[in-house]
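K.L.:
coordinates only, sequence not included:
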Ligand code: HEM
Ligand SMILES: [Cu+2]
Ligand SMILES: [Cu+2]
């Protein structure tokens, strides 16, 4: 191996390591982390997933509720081709924990301009928390193909 | 001492006529698929510019039917067919030894029948599940059966390659495996291990389910098996092109490959860092932070062999440019044989790989994925990689390969050069559009021309650039097919004795540590070990499968 190759390889490796350190710092130091949550919807033998979802708390009562000062929980069922509920009214500075599951196929749950971006996989519960500091109307979209009218599956978050 | 990347460089290369035909037909299956794929691509790009032309496409009723065709034809049929044909030829030449005719036949027919079945089910409208076919979206059973046959054709090809190499080694004890043969075989070992995921998913979960033999679908298990294959698959697209960049392009530009050992090390790194598919599942709820971060580290590590490739290939080009009289820091670049369409297309393709690689690292950057996951950033990225670094290179390769296989002169060299520039400029504009749109939250896989809500800021310009760039790419693609069709049908007769192959300046050594690079059984075992470490825990919690989800067919 020639010396130039060694120098090139060393610089390349160093750049990659530095980038990884930056990513790791953002995750641990700044708390910008990926969703990760192991809860699943229990499905009894012979039962279908859609009815299991509707029976499993908190999905038996989907909706937005306040759980503490400035803290909210939004329980959402995604199914082709809508979110239930699909509109969320919040005061500025509210911290919301979205709990989302799917009653049929794989969907997405994405609010552009925020860090709310998660897959919604049948039988699994996605949990993601975000604080809405800036007032405005945020778009909520399903960003995974879920059938014929996938592009109509949307909602909004209104922050006042 | 310099050495050729093939065995018996000065010997006569005998390619039996049946083999020549079978390899040509295999590649043509891929090119026909690409023609359909690119045609749908145009409609998709215009869709982002709010122009809906799908209604005028015969046989395509919805955006998603077209998108399924685009993904399956381009990313699966075209790439697999090309790899089967081209890599078979490369190995046969590298060892100067004919492959098994029976296996070439079997691979071709498996591919052809599989393609017809899958294509038929897509055109019928019963399989608009996109090329990722996430269960419980349920396609018609012929879709899964067709894909199984297409994958089986790659396995048959593998057997053909491995048997030939094995025989050659017996006949030539103690010799180093020629570099081009080494790359051909590692590509297919890599792919065999990679394809286990989707192979298992397709044959044991989806096909029986679509035939009504299973009580339901296991969405998370299917999805994870898919992505186990779904990242390595991109290297199966790429490695045949790397074979060209490492072992053919240096010759075509009058240069030489510097180091044999580095080239082998790069290929072995690909083989040994294979299980990184979970980076497509960064925002899946179930997987832990730990496994996601380890996946990020491995994905970054997997960037190394591509950086090594960039160095080796660029150096080979520089040697060529300097031999042609290029001076100074960059003068050599302009002395390259730009009048050769095969070279032009491939160098332009290499250039697109630069932004392609950088945007890939961005995707791979763990939490950065929150910003861009499933936005149009992603197709923006991969049209710079598979959509051009690979596809445009394959077009470039076809500019010598099809004349070689047909015994005809290339028709329309100037047009072929224009083709490459159209595609190159097009994809840069196109990707600029999709990438900026993605950063503004524009989703991928979405019929944007039909959305019921007002477009947020930043999507409009992004969509227009996507449309313009996509139209230029389409022109580039269409010109390619004109050149190919004219060459095959009306090209002047001209026999080309051999394929282009390069020399290495630092030859492979028979002593020291280098021969251990050729001990492929050990490297394969190492690769499998990492697979078990990365996927064992997941499988342990998901087997036996829980079939909870009901089939869904509203598309
Ligand atoms: C004229 C050339 C092409 C154009 C205009 C084009 C356009 C597009 C567009 C706009 C999308 C995004 C669609 C969406 O997410 O809604 C897309 C997706 C895609 N393209 Fe292309 N493309 C072209 C060539 C290629 C080539 C050559 C390949 C691969 C060899 C390729 C592979 C893919 C794949 C795998 C997808 C993702 C499909 C999916 O999300 O299910 N494309 N293409
Ligand atoms: Cu959707
Ligand atoms: Cu990937």
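P.N.:
That came in fine, so what should we check first? Everything quoted here is computed from the prediction, not taken from an experiment. Ligands and ions are numbered 1, 2, ... in the order given.

K.L.:
how much space is there between whatever residue of the stretch 251-400 of chain B ends up closest to ligand 2 and residue B:25?
P.N.:
Residue nearest to ligand 2 within the stretch 251-400 of chain B (CB to the ion): residue B:374, separated by 9.7 Å. Every C-beta, even on glycine, is put in place using the N, C-alpha and C of the backbone. For residue B:374, the distance to residue B:25 (CB to CB, to the nearest Å) stands at 37 Å.

K.L.:
The two: which is more packed in?
P.N.:
Taking neighbours as other CB atoms under 10 Å in any protein chain shown, residue B:374 and residue B:25 compare with residue B:374 leading, 24 against 17.

K.L.:
Pop out the phi and psi values for the more buried one.
P.N.:
phi 60, psi 20 (degrees, to the nearest 10).

K.L.:
what's the nearest residue to it if we skip its chain neighbours?
P.N.:
Spatial nearest neighbour of residue B:374, excluding adjacent residues (CB to CB, 6 or more residues apart in numbering or on different chains): residue A:143 at 4.1 Å.

K.L.:
which regions of the chain sit below the pLDDT cut-off?
P.N.:
Let's take chain A. Counting by pLDDT under 70, chain A contains low-confidence residues at A:1.

K.L.:
That was the other one, I meant chain B.
P.N.:
B:1.

K.L.:
Which of the three states applies to the most centrally placed residue in chain A?
P.N.:
Nearest to the mean C-alpha position of chain A, by CA atoms, centre = their mean, lies residue A:118 at 3.1 Å. Here residue A:118 is recorded as strand under DSSP: H, G, I helix; E, B strand; the rest coil.

K.L.:
isn't it right up against residue A:129?
P.N.:
No. At 10.9 Å, residue A:118 does not count as touching residue A:129 under the criterion of CB atoms under 8 Å.

K.L.:
so who does residue B:150 touch?
P.N.:
Contact analysis of residue B:150 by CB atoms under 8 Å, 6 or more residues apart in numbering or on different chains lists B:76-77, B:80, B:110-111, B:114-115, B:118.

K.L.:
Greatest separation within these: which pair is it?
P.N.:
B:76 and B:110 (13.7 Å; CB to CB).

K.L.:
what's the neighbour count on residue 37?
P.N.:
Going with chain A. By other CB under 10 Å, the burial measure for residue A:37, its neighbour count, is 17.

K.L.:
Actually, chain B is the one I wanted.
P.N.:
22.

K.L.:
show me the contacts for it.
P.N.:
By CB under 8 Å, 6+ apart, the neighbours of residue B:37 are B:69-70, B:73-74, B:78.

K.L.:
So it belongs to a helix, correct?
P.N.:
Yes. Read with three-state DSSP, residue B:37 is one of the residues of a helix.

K.L.:
Against residue B:76, how distant is it?
P.N.:
10 Å.

K.L.:
ok, back up a step: enumerate every residue touching the residue nearest to the centre of chain A.
P.N.:
So residue A:118 contacts A:35, A:100, A:108-110, A:126, A:128, B:283, B:285 (CB under 8 Å, 6+ apart).

K.L.:
and the longest helix for chain A?
P.N.:
Selection of the longest helix in chain A by residue count, based on DSSP state H, yields helix A:3-28.

K.L.:
What residues sit buried inside it?
P.N.:
A:5, A:8-9, A:12, A:16, A:19-20, A:23, A:26-27 (16 or more other CB atoms under 10 Å in any protein chain shown).

K.L.:
Could you list which of the residues you listed also contact chain B?
P.N.:
A:5, A:8-9, A:12, A:16, A:19-20, A:23, A:26-27 (CB under 8 Å from any CB of the partner chain).

K.L.:
Need those residues in JSON lines (columns: distance to residue B:392).
P.N.:
Formatted as JSON lines, these follow (distance: CB to CB, whole Å):
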{"residue": "A:5", "distance to residue B:392": "27"}
{"residue": "A:8", "distance to residue B:392": "25"}
{"residue": "A:9", "distance to residue B:392": "27"}
{"residue": "A:12", "distance to residue B:392": "25"}
{"residue": "A:16", "distance to residue B:392": "26"}
{"residue": "A:19", "distance to residue B:392": "28"}
{"residue": "A:20", "distance to residue B:392": "31"}
{"residue": "A:23", "distance to residue B:392": "31"}
{"residue": "A:26", "distance to residue B:392": "35"}
{"residue": "A:27", "distance to residue B:392": "36"}
